[in-house]
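>>> Provided below for reference: sequence and predicted model.
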Amino acid sequence: MLLERHLIEYCSPTLASLKTANLFNHSFTSEDELRCQLEYLNLQLGEKGISLIELYRRGNKALIYVYRKSHLMKDLNRPGVSRFLKKYGYEEMDVDHALDRLKIRLKEEGGFPHEIGLFLGYPLGDVIGFIKNSGKNCKCLGCWKVYCNECEAVKTFARYQKCRTIYSRLWRNGRSVWQLTVAA
């Protein structure tokens, strides 16, 4: 199943409970197919704390957001995050309301609103740095552009890459996505 391959390729750190969330674009042939796949995976992985939602759709491509609600709740309640997100119209910091607002922002922006980094577990300082610098002048580049704690980010990027490598090998050798998903 293509969707499962995408989960391994793009979301291994989230499946392993190392990261709050990941995103990927997924091509589908019919709305029913996409809906059924998402329902199946939500039913299967939901018991382990993973949710999949469609954030945005254009034609036959859907932007799929894979997240751990418990992690996202903690991220949205980190110091300064609420104040920062209010500037972009996020009035409530509960996960469902925040995700609804993010979906609206994706449609409004016609691209990626920069605050999306907070929904992916990026540090607030790096999200603010990206916005202030228009994506330029970062200290280093990995899963995101780093403007603050370069040393910690480099370690995090290495952990994520190691996780992806291990999960890809295990999945190719027959482990299921469900078996590879850590319960949290």
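On my side now, so go ahead.

>>> ok, the residue nearest the centre of the chain to residue 132 distance?
Averaging the C-alpha coordinates of the chain gives a centre point, and the residue nearest to it by CA atoms, centre = their mean is residue 22 (2.3 Å). Between residue 22 and residue 132 the computed distance is 25 Å (CB to CB, to the nearest Å). (C-beta placed from N, C-alpha, C; glycine too.)

>>> now swap in residue 31 and tell me
Distance check for residue 31 against residue 132: by CB to CB, it reads 40 Å.

>>> Which helix in the chain has the most residues?
If each helix of the chain is counted by residues according to DSSP state H, the longest one is helix 150-172.

>>> For it, list every residue counted as buried.
By neighbour count with 16 or more other CB atoms under 10 Å, helix 150-172 contains the buried residues 153, 156, 157, 160, 163, 164, 167, 171.

>>> Please apply the same query to stretch 112-120.
Taking 16+ other CB under 10 Å as the basis for neighbour counts, the residues of stretch 112-120 that come out buried are 113, 114, 115, 116, 117, 118, 119, 120.

>>> What segments of this structure are strands?
For the chain, strands defined by DSSP state E occupy the ranges 21-27, 50-58, 61-68, 140-141, 145-146.

>>> Which among those is found nearest to residue 106?
Each of the strands of the chain was checked against residue 106 via CB to CB, and the shortest separation belongs to strand 50-58, namely 4.5 Å.

>>> Give me the angle between the closest one and strand 21-27.
Going by axes from the mean of the first three to the mean of the last three CA atoms, to 10 degrees, strand 50-58 is angled at 50 degrees with respect to strand 21-27.

>>> tell me the angle of strand 50-58 relative to strand 61-68?
160 degrees.

>>> What helices and strands are in contact with strand 50-58?
Using 3 or more CB pairs under 8 Å, 6 or more residues apart in numbering; DSSP states H and E as the contact definition, the elements that strand 50-58 packs against are helix 31-46, strand 61-68, helix 95-109.
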